[in-house]
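In: Next comes the sequence, and after it the predicted model I'd like to discuss.
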Amino acid sequence: MTLVAIDGRAGAGKTTLASILEKQWSTNQTVTVIHMDDLYDGWDNALTQKLTLTLGKIVSAHNSGLAFTIDIFNWNSMSFDSTRNIDPVDILILEGVGAGQKVVRDAGAQLYWLDIEPEIGIARVLRRDGDQIAEHMKKWQIDQELHFLRDKTRENAEHIQSS
């Protein structure tokens, strides 16, 4: 069982890298990608102990070769309103801000960190998702930086790539 985490600031290209790796690796192995956007509890409760506990359950099940279920956050209704069943796979990729935190690294994940200047990352996010989230993204920048400082995510990455 292989565990991969792709982390970095918003807009760095984490989802794109996850898609590329999934396509490459799935030619001869089973691969599942879990996006942190599906696990966050909205804007204000995203990078909390609740996410850490959820990630702990996910990596424990994956490393034990067990199926598991995750709750999926709906950004339109601002609530968890569906679930996704995850069958055991050869490679599990966790992708998004917070994917590479200590609980995931301690479970044996290979951590990819994508560097990007914050201003460029936010511009990419707003182009992709729209200006209506600009105020949320200002707070998100602070939240993600505090998370990365506490967790020392970049410092613990095996693979670092600049955008």
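Out: It's in.
In: Tell me which stretches of the chain form strands.
Out: 2-8, 31-35, 68-74, 79-86, 91-95, 110-115, 159-162 (DSSP state E).
In: which of these has the lowest average pLDDT?
Out: Note on these: lowest mean pLDDT is at strand 159-162, with a mean of 91.
In: so what strands line up beside that one?
Out: Here strand 159-162 is paired, per DSSP bridges, with strand 110-115 (parallel).
In: For the chain, identify the residue most remote from the centre.
Out: residue 28 (23.8 Å; C-alpha atoms, centre = their mean).
In: Pull the contacting residues for the residue nearest in space to the middle of the chain.
Out: Nearest to the geometric centre of the chain sits residue 96, at 2.5 Å (C-alpha atoms, centre = their mean). By C-beta atoms under 8 Å, 6 or more residues apart in numbering, residue 96 lies in contact with 6, 7, 14, 15, 35, 36, 37, 39. (C-beta placed from N, C-alpha, C; glycine too.)
In: The fourth one and residue 34 touch, don't they?
Out: No - with contacts defined as C-beta atoms under 8 Å, residue 15 does not count as touching residue 34, sitting 11.5 Å away.
In: Identify the contacts common to these two.
Out: Shared contacts of residue 15 and residue 34, counting by C-beta under 8 Å, 6+ apart, come down to residue 95.
In: neighbour-wise, which of the two wins?
Out: Set residue 15 next to residue 34 and count neighbours by other C-beta atoms under 10 Å: residue 34 wins out with 22 against 16.
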